[in-house]
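Peer 1: test case, fold it:
(one chain, ligands or ions: 1)
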Amino acid sequence: KRHLISATDLSHDDAVLILDTAEEMGRIADRPIKKLPTLRGRTVVNLFFEDSTRTRISFEAAAKRLSADVINFSAKGSSVSKGESLKDTALTLQAMGADAVVIRHHDSGAPHRLATSGWIGGSVVNAGDGTHEHPTQALLDAYTIRRRLAASGAACTDLAGRRITIVGDILHSRVARSNVQLLHTLGAEVTVVAPPTLVPIGVEHWPCAVSYDLDAVLPKSDAVMMLRVQRERMNAAYFPTEREYARRYGLDGDRMGRMPGHAVVMHPGPMNRGMEITAEVADSPRCTAVEQVTNGVSVRMAVLYLLLGGAEPAATKETHE
Ligand code: CP
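Peer 2: Purely as a prediction, here's the structure:
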């Protein structure tokens, strides 16, 4: 495969290969020299039109650990603020010989447009587009669940039969969309839980169950993924009061106590502490939020390695064409 735009791009075997490759990459982090020469001479561009902490930094760390050159592009402070289009921005990056473009964009579909336009010769990786998808987040979440299961003694290549609950602002969540697809591909039974106003139209076509009752679902969950309430994408009419939301859909210590003893709490970050998750839960050893960030580097190394490892570098490709 040349691009990673959606979790639906990945078959079961593709997803397991990425998780297995990420395990190998994770072992490098334990070495005194945390680098592989695999992508020496390749250029990875981080093209971020929307703010990011975890995704941008971890793609940069991943590319550098594979010895690629990294160009960080942020729309803020660039000619995008003078009105330059995605096309002209992409053509400028192509002129500099980008082997991979990691793009985050506020418009759903922008990575797909970039991958199919011919403006870019290299691979395109979706780092989050609007409310659409965030496939590497779903991969690192699946990787984190698989590692926790392995640590508790369960032998597993995928997540067959595991019960994963995704809670909160499903309507605006690209993390939820990618996770529902990927976790289903890996054999998990997924339930999304949200207030009725934050459940998207068409959810009945998603490969998951829908519930409005968090307390009923918690005792039957192997992992509970709390989502950030995305106030910046929200019309006030959609949203209950913060207090009401926290009371019905927030995860506090009492609710966490209703989860099975082995079950973990996940959060993709950034968190609204006190809204969807209390500080007590966020800082508990059952919460994998920080571990997810660490795992994100291994997973993004695996994605870049598998997309670019066998491909011809952009610089030599030009001379052949
Ligand atoms: N989880 C996630 O995508 O975080 P950032 O917005 O900080 O990249």
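Peer 1: just the strands from the protein, written as ranges.
Peer 2: In the chain, the strands defined using DSSP state E lie at 43-48, 69-74, 100-105, 123-129, 163-167, 189-193, 209-211, 223-226, 264-266.
Peer 1: in its sheet, which strands sit next to the second one, and in what direction?
Peer 2: In other words, strand 69-74. Taking DSSP bridges as the criterion, strand 69-74 pairs within the sheet with strand 43-48 (parallel).
Peer 1: which residues sit in contact with the residue nearest the centre of the chain?
Peer 2: Nearest residue to the geometric centre of the chain (CA atoms, centre = their mean): Gln137, 1.2 Å. Shown in contact with Gln137 (CB atoms under 8 Å, 6 or more residues apart in numbering): Thr55, Gly128, Arg174, Val175, Ser178, Asn179, Pro268, Gly296. (Each C-beta comes from the backbone N, C-alpha and C, glycine too.)
Peer 1: just checking, the last one touches Thr53?
Peer 2: Looking back up the chat, that one is Gly296. No. Using CB atoms under 8 Å, Gly296 is not in contact with Thr53; the gap is 11.0 Å.
Peer 1: those two - which one has more neighbours?
Peer 2: Legend: neighbour count by other CB atoms under 10 Å for Gly296 and Thr53, higher for Gly296 (27 against 10).
Peer 1: so what's the more buried one up against?
Peer 2: Contacts for Gly296 were tallied using CB under 8 Å, 6+ apart; they are Arg54, Thr55, Ser58, Thr136, Gln137, Leu140.
Peer 1: got these as CSV, with distance to the ligand and pLDDT columns?
Peer 2: Formatted as CSV, the contacts of Gly296 follow (distance: CB to the nearest ligand atom, whole Å; pLDDT from 0 to 100):
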residue, distance to the ligand, pLDDT
Arg54, 4, 97
Thr55, 3, 98
Ser58, 8, 97
Thr136, 9, 98
Gln137, 5, 98
Leu140, 9, 98
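Peer 1: compare those residues and tell me which has the most neighbours.
Peer 2: That'd be Leu140 among the contacts of Gly296, by other CB under 10 Å, with 30 neighbours.
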